[in-house]
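Enquirer: coordinates for the following, if possible.
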Amino acid sequence: MPLDFSDHVAQYCSDITSDQVSEALTMTYAFTQDVPIDAAFYQRIVEELGDAPPKGLVTHLALERPEGGLRYIDVWESKEDCDKFGEERLHPVVHGLLSEIFGDQLPEEPERLPLTVIHVWGAQQQV
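Expert: A predicted model of the protein is given here:
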């Protein structure tokens with residue numbers, strides 16, 4: 001018999017229902033994005049953003065790619081939270097730093113490749 005993940009989680013977490021688990025997974029937004037920057041440039045972005053994590057961020061990984069550049073893997077509570085962070089905090093920082101290099105001719109933002117989330121598990125994850 002196949003495992004019904006929502007019922008499985010609800011069975012082990014008595015304060016939530018399988019409908020709440022399904023809703024949480026449906027709302028979760030995840031993506032990968034390959035960016036043509038190095039670790040030093042990334043560190044400048046991090047310093048400009050500050051220590052406060054954005055609302056709705058579950059996790060963010062920045063990985064070095066063997067062929068150069070970085071790959072981001074992000075998991076958010078919702079696409080709306082991700083987009084709001086991008087518009088209000090991230091893009092102003094990144095555009096400011098990129099304008100030092102490119103002036104007014106900023107490159108297009110690298111494509112985000114959405115991922116289908118089937119399970120979110122972490123020490124601080126609240127479903």
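
Enquirer: start to end distance for stretch 90-109?
Expert: Its first and final residues considered, stretch 90-109 spans 12 Å by C-alpha to C-alpha, to the nearest Å.

Enquirer: report the contact partners of the nearest residue to residue 117 once chain neighbours are set aside.
Expert: In space, and not counting its chain neighbours, residue 117 is closest to residue 28: 4.5 Å by C-beta to C-beta, 6 or more residues apart in numbering. All C-beta atoms are positioned from the backbone trio N, CA, C, and that covers glycine. If you count contacts by C-beta atoms under 8 Å, 6 or more residues apart in numbering, residue 28 has them with 58, 75, 76, 77, 78, 117, 120.

Enquirer: by neighbour count, which of the residues you listed wins?
Expert: Within the contacts of residue 28, neighbour counts (other C-beta atoms under 10 Å) peak at residue 76, which reaches 24 neighbours.

Enquirer: who's in contact with stretch 94-113?
Expert: Against stretch 94-113 from outside (C-beta under 8 Å, 6+ apart): 31, 32, 33, 34, 35, 36, 41, 44, 45, 48.

Enquirer: and the pLDDT at the fifth one?
Expert: Residue-level confidence at residue 35 comes out at 96, pLDDT.

Enquirer: doesn't residue 73 make contact with it?
Expert: No. Residue 35 is beyond contact range of residue 73, at 11.8 Å (criterion: C-beta atoms under 8 Å).

Enquirer: more crowded one of these two?
Expert: Neighbours per residue, other C-beta under 10 Å: of residue 35 and residue 73, the larger number sits with residue 35, 17 against 14.

Enquirer: thank you kindly, that will do.
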